[in-house]
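[1] How does the following fold in three dimensions:
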Amino acid sequence: MEVQRLPKIQDLSRQKKLEVLLGYIRSAELFEDHAGEGFL
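    Here you go, the predicted model:
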């Protein structure tokens, strides 16, 4: 994740706390390159 994009994402998602936004980004990244990706 590019750090300079965080303020724009924060503005668009209307997240007031950066920690919350980073938690959502981290959760989404857990599914990238997932071992079961091709099953569905």
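
[2] which element is the residue nearest the centre of the chain on?
    For the chain, the residue nearest the mean C-alpha position is Ile25 (1.6 Å; C-alpha atoms, centre = their mean). Taking DSSP states H and E as the definition, Ile25 sits inside helix 18-29.

[3] Contacts for that helix, please.
    Contacts with helix 18-29, where a contact means C-beta atoms under 8 Å, 6 or more residues apart in numbering, come from 1, 6, 9-10, 13, 15. To be clear about C-beta, it is placed using only N, CA and C from the backbone, and glycine gets the same treatment.

[4] how about a markdown table for those, with neighbour count and distance to Ala35 added?
    Formatted as a markdown table, these follow (neighbours: other C-beta atoms under 10 Å; distance: C-beta to C-beta, whole Å):
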| residue | neighbour count | distance to Ala35 |
| --- | --- | --- |
| Met1 | 11 | 22 |
| Leu6 | 15 | 29 |
| Ile9 | 16 | 27 |
| Gln10 | 16 | 31 |
| Ser13 | 12 | 29 |
| Gln15 | 16 | 30 |
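
[5] Lovely, talk soon.
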